[in-house]
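> After the sequence you'll find the predicted model.
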Amino acid sequence: MKIEAAVLRSQDSPFRMETVELAEPGAGEIRVRVAGTGLCHSDLLLWAGARLARLPIILGHEAAGVVEALGPGVAGLQPGDHVVVSYDSCAMGTRPLASRSAGNIRR
């Protein structure tokens, strides 16, 4: 499926909105329709020149949205669930957080 994403192609250059191909969810993965996302300190370190990942890259890993699809082996979620997602490094080693209602977070 094609999506729009902010892509960083070189450090210290502007992010560019591009159409990119998104694969179907693999084993243990979910696809989330993102309602909102943000850039955190680690994203800005990459933009400023830290060599923490290879470029090009899509940043903005802190997000909230709705589950659209589940990959094989995913349990405890279903399409339509509202979720909050983050990298493990930003969630102190926990898996992505999922919330079925405000204030009720499961790990």
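Yep, it's here.
> can we go C-alpha only for contacts and neighbour counts from here?
Will do.
> wait, what's in contact with the residue nearest the centre of the chain?
Geometric centre of the chain, nearest residue: residue 61, 4.0 Å, by C-alpha atoms, centre = their mean. Residue 61 makes contact with 37-39, 85-87, according to C-alpha atoms under 8 Å, 6 or more residues apart in numbering.
> Number of residues surrounding the closest residue to residue 2 other than its chain neighbours?
Distance criterion C-alpha to C-alpha, 6 or more residues apart in numbering; nearest residue to residue 2, sequence neighbours excluded, is residue 21 at 4.6 Å. Other residues lying near residue 21 total 11 when counted by other C-alpha atoms under 10 Å.
> Quick check: phi and psi at residue 21.
The phi/psi pair for residue 21 (degrees, to the nearest 10) reads phi -90, psi 130.
> Is it in contact with residue 5, as I believe?
No: the pair residue 21 / residue 5 is not scored as a contact, 9.8 Å apart, by C-alpha atoms under 8 Å.
> Give me the below-cutoff pLDDT ranges for the protein.
87-107 (pLDDT under 70).
> where along it do the helices fall?
Assigned by DSSP state H, the helices in the chain fall at 41-48.
> which stretches of it form strands?
Assigned by DSSP state E, the strands in the chain fall at 2-8, 16-21, 30-38, 57-58, 62-70, 82-85, 97-101, 104-106.
> Skipping its backbone neighbours, what lies nearest residue 25 in space?
Counting by C-alpha to C-alpha, 6+ apart, residue 71 is the residue found nearest to residue 25 once chain neighbours are left out, at 4.7 Å.
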